[in-house]
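S.K.: Predicted model and sequence follow; I will ask about them next.
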Amino acid sequence: MSLLDAIKFNDAGLVPAIAQDAATGRVLMMAWMNAEAVNQTIETGFAHYYSRSRQKQWMKGESSGHVQKVIDMFLDCDGDTMLLIIEQTGPACHTNRKSCFYKKAEDGEWAINEEPLK
């Protein structure tokens with residue numbers, strides 16, 4: 001079975017992809033991939049995604065320079081979620097933080113757990 005055939009894309013033709021830092025194991029972000037993004041990622045070695053809001057393909061870091069070099073790609077047991085092990089250049093989050101997961105549940109509220117990089 002080919003790589004694409006094994007992926008269970010949702011009704012919109014997308015699969016969630018989690019980007020995890022190869023050096024630290026920290027989850028950096030989650031984005032959506034379609035078949036074209038998966039193919040582009042395999043072909044280039046850099047993470048490509050599909051933007052639902054902009055309705056277009058994008059390479060992580062294409063405008064910021066904060067690219068994600070893909071070290072490994074995994075598919076979960078159900079075939080409906082991808083995991084990209086990456087080397088991140090610069091911050092992963094568009095808020096200029098290392099990770100998009102910078103809000104922590106504390107005392108019934110979301111507390112900012114990480115400041116933007118300077």
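M.R.: Yes, it's here. Numbering: from 1, shown residues only.

S.K.: Show me the helices in this structure, by range?
M.R.: 3-6, 35-44 (DSSP state H).

S.K.: In contact with Asn96, which residues?
M.R.: Shown in contact with Asn96 (C-beta atoms under 8 Å, 6 or more residues apart in numbering): Pro116, Leu117. In short, each C-beta sits where N, CA and C put it, glycine included.

S.K.: Could you check how far it is from Ile86?
M.R.: As judged by C-beta to C-beta, to the nearest Å, Asn96 and Ile86 stand 18 Å apart.

S.K.: what comes up buried for stretch 73-92?
M.R.: Met73, Leu75, Thr81, Met82, Leu83, Leu84, Ile85, Ile86, Gln88, Pro91, Ala92 (16 or more other C-beta atoms under 10 Å).

S.K.: hmm, which two among those residues are most spread apart?
M.R.: Leu75 and Pro91 (26.7 Å; C-beta to C-beta).

S.K.: re earlier: now, the buried residues of stretch 73-92 that are in strands?
M.R.: Within those, residues falling in strands by DSSP state E are Met73, Leu75, Met82, Leu83, Leu84, Ile85, Ile86, Gln88.

S.K.: Which pLDDT value belongs to the residue nearest to the fifth one when sequence neighbours are not counted?
M.R.: What that stands for is Leu84. Once flanking residues are discounted, Leu84 sits nearest to Ala19: 5.0 Å by C-beta to C-beta, 6 or more residues apart in numbering. Ala19 is assigned 98 on the pLDDT scale.

S.K.: do the same with Ile86
M.R.: For Ile86, pLDDT reads 98.

S.K.: so what's it up against?
M.R.: Ala19, Gln20, Asp21, Ala22, Leu28, Ala47, Gln68, Lys69, Val70, Ile71 are the contacts of Ile86 under C-beta under 8 Å, 6+ apart.

S.K.: gap between it and Lys8?
M.R.: 22 Å.

S.K.: What of Trp58?
M.R.: Trp58 is 23 Å from Lys8, where distance means C-beta to C-beta.

S.K.: Check Met29 too.
M.R.: 21 Å.

S.K.: So these two - more neighbours on which side?
M.R.: A count of neighbours by other C-beta atoms under 10 Å puts Met29 above the other of Met29 and Lys8, at 22 against 12.
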